[in-house]
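**Q** sequence and predicted structure, then a few things I'm wondering about:
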Amino acid sequence: MAKNKFKDPVKDKKKSESKPGKGTGFVRSLLNGSFLSNERSPDLMPFLLYLSFLAVMLIANTYYAEKKVRQIEKMRSEITELRTIYISNKAELMYLSNQSEIARRLHGKGFVESTVPPRLLQPKEQRRFLFLRITGSSNK
């Protein structure tokens with residue numbers, strides 16, 4: 001029978017110090033790629049593919065959102081520009097539609113502004129029965 005041997009406590013401390021912790025071992029195996037050769041790696045593949053798919057979708061969503069923000073800013077500046085054009089055109093139209101401005105522009109073409117006020121023309125029948133219409137009786 002073999003004799004029992006006592007372990008040296010100094011050697012045990014050295015072994016435990018040289019052994020990395022669980023977290024650093026996983027990170028190290030992840031960085032150097034040795035986790036792919038483990039026995040559990042086929043079980044983790046669907047989860048890793050799911051995580052990578054989510055990462056790709058997150059990146060794509062970020063790019064899409066930034067693109068939309070740029071389009072919104074571009075449209076906002078275009079709206080501001082169109083609003084200023086609209087206001088200036090509206091002011092010019094109001095100025096050009098003034099009666100004095102129309103008369104000034106047409107004066108060069110031979111048109112003269114009338115000084116006689118307009119009259120309301122009525123047919124003779126209505127003028128004849130004006131008194132009857134005023135009194136409220138009708139002759140028809």
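**A** Now that the structure is in, tell me what you want to look at.
**Q** show me the contacts for residue 121.
**A** Residues in contact with residue 121 (Cβ atoms under 8 Å, 6 or more residues apart in numbering): none are found. All C-beta spots, glycine's among them, are computed from the backbone N, C-alpha and C.
**Q** which stretches in this structure count as helices?
**A** 9-18, 22-32, 41-96, 99-107, 124-128, 130-135 (DSSP state H).
**Q** got those as JSON lines, with distance to residue 2 columns?
**A** Formatted as JSON lines, these follow (distance: least, Cβ to Cβ, whole Å):
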{"stretch": "helix 9-18", "distance to residue 2": "20"}
{"stretch": "helix 22-32", "distance to residue 2": "33"}
{"stretch": "helix 41-96", "distance to residue 2": "39"}
{"stretch": "helix 99-107", "distance to residue 2": "122"}
{"stretch": "helix 124-128", "distance to residue 2": "141"}
{"stretch": "helix 130-135", "distance to residue 2": "142"}
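**Q** who wins for proximity to residue 117 among those helices?
**A** helix 99-107 (13.6 Å; Cβ to Cβ).
**Q** how about the helices of the chain in a markdown table, adding mean pLDDT?
**A** Output for these, formatted as a markdown table (pLDDT from 0 to 100):
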| stretch | mean pLDDT |
| --- | --- |
| helix 9-18 | 58 |
| helix 22-32 | 73 |
| helix 41-96 | 95 |
| helix 99-107 | 89 |
| helix 124-128 | 62 |
| helix 130-135 | 66 |
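**Q** compare these and give me the one nearest residue 118.
**A** Nearest of these (Cβ to Cβ): helix 99-107, 13.5 Å.
**Q** how many degrees apart are the closest one and helix 41-96 in direction?
**A** 70 degrees (axes from the mean of the first three to the mean of the last three Cα atoms, to 10 degrees).
**Q** right, and residue 95 touches residue 104 too?
**A** No - here residue 95 lies out of contact with residue 104, judged by Cβ atoms under 8 Å, at a distance of 11.3 Å.
**Q** re the thing from before, reformat the helices of the chain as a markdown table; add distance to residue 114 and mean neighbour count.
**A** Formatted as a markdown table, the helices of the chain follow (distance: least, Cβ to Cβ, whole Å; neighbours: other Cβ atoms under 10 Å):
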| stretch | distance to residue 114 | mean neighbour count |
| --- | --- | --- |
| helix 9-18 | 112 | 8 |
| helix 22-32 | 95 | 11 |
| helix 41-96 | 20 | 10 |
| helix 99-107 | 10 | 11 |
| helix 124-128 | 24 | 9 |
| helix 130-135 | 26 | 10 |
